[in-house]
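Asker: here is the input, now give the coordinates:
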Amino acid sequence: MIEWVPLDRVLALVAGNELLGSGSLVGLLYLLAQRSKASGSEGEAVDPASLAD
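Answerer: Residues are numbered from 1 along each chain as shown. Predicted structure coming up:
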């Protein structure tokens with residue numbers, strides 16, 4: 001089952017082992033990398049709260 005969730009819930013899903021499958025993880029990592037690149041913060045830590053925009 002595919003479910004769209006707000007990015008602010010992602011950390012809780014990972015902690016609860018509810019984010020399953022490489023497809024989900026690859027897509028999520030791509031999205032986070034694109035947001036990091038767009039914000040000019042390549043190589044820096046990303047605040048999870050900033051992902052909820």
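Asker: quick one: low-confidence ranges for this protein?
Answerer: 1-2, 41-53 (pLDDT under 70).
Asker: repeat the analysis, applying 80 as the threshold.
Answerer: The chain contains residues with pLDDT under 80 at 1-5, 7, 19-24, 36-53.
Asker: any idea where the helices of it begin and end?
Answerer: Listed in chain order, the helices of the chain (DSSP state H) span 10-15, 22-38.
Asker: now tabulate those in TSV and tack on distance to residue 3 and mean neighbour count.
Answerer: In this view, the C-beta of every residue, glycine as well, is placed from N, C-alpha and C. Formatted as TSV, the helices of the chain follow (distance: least, Cβ to Cβ, whole Å; neighbours: other Cβ atoms under 10 Å):
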stretch	distance to residue 3	mean neighbour count
helix 10-15	9	13
helix 22-38	10	12
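Asker: got these as CSV, with distance to residue 4 columns?
Answerer: As requested, the helices of the chain are exported to CSV (distance: least, Cβ to Cβ, whole Å):
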stretch, distance to residue 4
helix 10-15, 11
helix 22-38, 11
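Asker: residues contacting the residue nearest to the spatial centre of the chain?
Answerer: Residue closest to the mean C-alpha point of the chain, counted by Cα atoms, centre = their mean, is residue 28 at 4.5 Å. Residues in contact with residue 28 (Cβ atoms under 8 Å, 6 or more residues apart in numbering) are 10, 19.
Asker: rerun that using 10 Å as the cut-off
Answerer: Residues near residue 28 by Cβ atoms under 10 Å, 6 or more residues apart in numbering: 7, 10, 13, 14, 19.
Asker: go on, residue 24?
Answerer: 2, 3, 10, 13, 14, 18.
Asker: sorry, back to before: closest to residue 39 among the contacts of residue 28?
Answerer: Among these, residue 7 lies closest to residue 39 (Cβ to Cβ), at 13.6 Å.
Asker: how many residues are close by that closest one?
Answerer: 16 (other Cβ atoms under 10 Å).
Asker: my guess is it contacts residue 35, does it?
Answerer: Yes. Between residue 7 and residue 35 a contact is recorded at 8.8 Å, counting by Cβ atoms under 10 Å.
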